[in-house]
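Engineer: I would like the atomic coordinates for the input below:
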Amino acid sequence: MAGTFCLSGAVLTKAGTNVSANFKAGNAETNIVPLINQAEAYINVLSHYNWIDNYSSKNADVKLILEEAASNLAAIYAIQYDMSGYTSRIEAEDMINILYRRFKDCINILKEQANQVYMQGA
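Structural biologist: Purely as a prediction, here's the structure:
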C-alpha cells in the first residue's frame with residue numbers, strides 16, 4: 001500500500017490514532033493511496049520537477065525528503081477528511097499546522113536552486 005514516495009503506514013502514523021476509520025485497516029489501500037498520489041503530484045508541480053519519473057535514480061537523502069513531504073501532505077488530507085475522531089478540532093488543526101510547516105520546509109528544499117543541482121544529479 002504505497003505511492004512512489006511513501007507507504008500508507010507513514011501517513012497513518014502522522015495522522016494519528018484518531019484518524020477516520022475510513023483510512024484504517026482494510027480501507028488503507030483504497031483510501032490512503034489516492035491521497036499519497038495526490039500529494040506526490042502536488043510535490044512535482046510545486047517543485048517544477050517530475051520526481052516520480054526519476055525516483056529510482058535519486059539517492060537516499062533525496063528520497064527521504066520526498067517521503068516526508070508526501071506523507072505529511074497525505075496525512076493533512078486524511079485529518080481534514082474527518083476531524084470528528086480527534087479530541088477537539090484544535091487538536092486536529094494543531095496536527096495539520098505542524099505537518100504543513102514541515103511539508104513547506106521540504107518543498108523549499110526541493111525548490112531551492114542550489115539544492116536542485118545536487119538532488120537531480122544524486
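
Engineer: does I96 really touch I79, like I thought?
Structural biologist: Yes - with contact defined as C-beta atoms under 8 Å, I96 counts as touching I79 (5.5 Å). For glycine as for every other residue, the C-beta is placed from the backbone atoms N, C-alpha and C.

Engineer: So the two - more neighbours on which side?
Structural biologist: I79 (24 against 19; other C-beta atoms under 10 Å).

Engineer: So that one sits against M95, correct?
Structural biologist: Yes - I79 sits in contact with M95 when judged by C-beta under 8 Å, with a separation of 5.8 Å.

Engineer: so what sits against both of the two?
Structural biologist: The overlap between the contact sets of I79 and M95 (C-beta atoms under 8 Å, 6 or more residues apart in numbering) consists of A15, G16, Y86.

Engineer: So which residues of the protein form helices?
Structural biologist: Under the criterion DSSP state H, helices of the chain are mapped to 8-15, 28-47, 60-81, 89-111, 113-121.

Engineer: As JSON lines, those helices with distance to A21 and mean pLDDT would be great.
Structural biologist: What follows is the helices of the chain, written out as JSON lines (distance: least, C-beta to C-beta, whole Å; pLDDT from 0 to 100):
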{"stretch": "helix 8-15", "distance to A21": "11", "mean pLDDT": "93"}
{"stretch": "helix 28-47", "distance to A21": "10", "mean pLDDT": "91"}
{"stretch": "helix 60-81", "distance to A21": "11", "mean pLDDT": "96"}
{"stretch": "helix 89-111", "distance to A21": "15", "mean pLDDT": "95"}
{"stretch": "helix 113-121", "distance to A21": "37", "mean pLDDT": "66"}
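
Engineer: Restricted to buried residues, select the shared contacts of I79 and M95 in PyMOL.
Structural biologist: In PyMOL, a selection of the buried entries from those looks like this (16 or more other C-beta atoms under 10 Å):
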select buried, resi 15+86
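
Engineer: Tell me the one of the shared contacts of I79 and M95 nearest E40?
Structural biologist: The shortest approach to E40 among these belongs to A15, at 16.8 Å (C-beta to C-beta).

Engineer: Provide a list of residues in contact with that closest one.
Structural biologist: Per C-beta under 8 Å, 6+ apart, neighbours of A15: F23, A75, A78, I79, M95.
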